[in-house]
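Enquirer: Sequence plus predicted model, see below.
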Amino acid sequence: MSVRSPIRRIEKWDMKFAGDVLSEKQKVLKPSMKQQIDSEYPSLAKVETEIKVVLGKYGIPTWHNPAYLACGRELYRLRKRFSGQQLINAVQPILLKWQARELRPEILEEIRNTVFTVMAPTP
């Protein structure tokens, strides 16, 4: 399962906002929204590729990839929203949630440490 191309994601997003369905307000905001999407999707694709490298290192079957990628996207959103100690505190419950969904803790920790460079919380 390959990572979705940023260009493909951008094209799909652009199609959602095409046509006569848009309100006037959305038509005004669309160029700035498109600019944000153009800058964001390549970054997300890079993170997903790094997660897949970690999964390959552990020999995880490809049918587990969607769950690990979903966890990675959650961590990606948190990293954009928080920093420092707030980020460290916000990441831990997410990892526990995905561990409860039977993802391996050592892999989740490596994703946290190597892909997102977030340290483990101190007790």
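Expert: Arrived safely, thanks for sending.
Enquirer: and residue 75, how many neighbours?
Expert: By the criterion of other C-beta atoms under 10 Å, residue 75 has 24 neighbours. All C-beta atoms are positioned from the backbone trio N, CA, C, and that covers glycine.
Enquirer: mind showing which ranges of this protein have poor pLDDT?
Expert: Within the chain, the segments meeting pLDDT under 70 span 1, 19-22, 25, 123.
Enquirer: Scan it for its longest helix.
Expert: If each helix of the chain is counted by residues according to DSSP state H, the longest one is helix 24-58.
Enquirer: ok now the helix or strand immediately after that helix in the chain, how far from the chain's centre?
Expert: Moving toward the C-terminus from helix 24-58, the next helix or strand (DSSP states H and E) is helix 65-81. Once both centres are worked out by C-alpha atoms, centre = their mean, to the nearest Å, helix 65-81 turns out to sit 4 Å from its chain's centre.
Enquirer: Can you spell out which helices and strands pack onto the next helix or strand after helix 65-81?
Expert: For helix 65-81, the following helix or strand on the C-terminal side (DSSP H and E) is helix 84-100. On a contact count with 3 or more C-beta pairs under 8 Å, 6 or more residues apart in numbering; DSSP states H and E, helix 84-100 meets helix 65-81, helix 105-110.
Enquirer: Outside of helix 84-100 itself, list whatever touches it.
Expert: 67, 71, 74-75, 78-79, 81-82, 105, 108-109, 112, 116, 118-121 (C-beta atoms under 8 Å, 6 or more residues apart in numbering).
Enquirer: And that helix, what's buried?
Expert: Going by neighbour count (16 or more other C-beta atoms under 10 Å), the buried part of helix 84-100 is 87-88, 90-91, 94-95, 98.
Enquirer: number of nearby residues for residue 42?
Expert: Considering only other C-beta under 10 Å, residue 42 is surrounded by 14 other residues.
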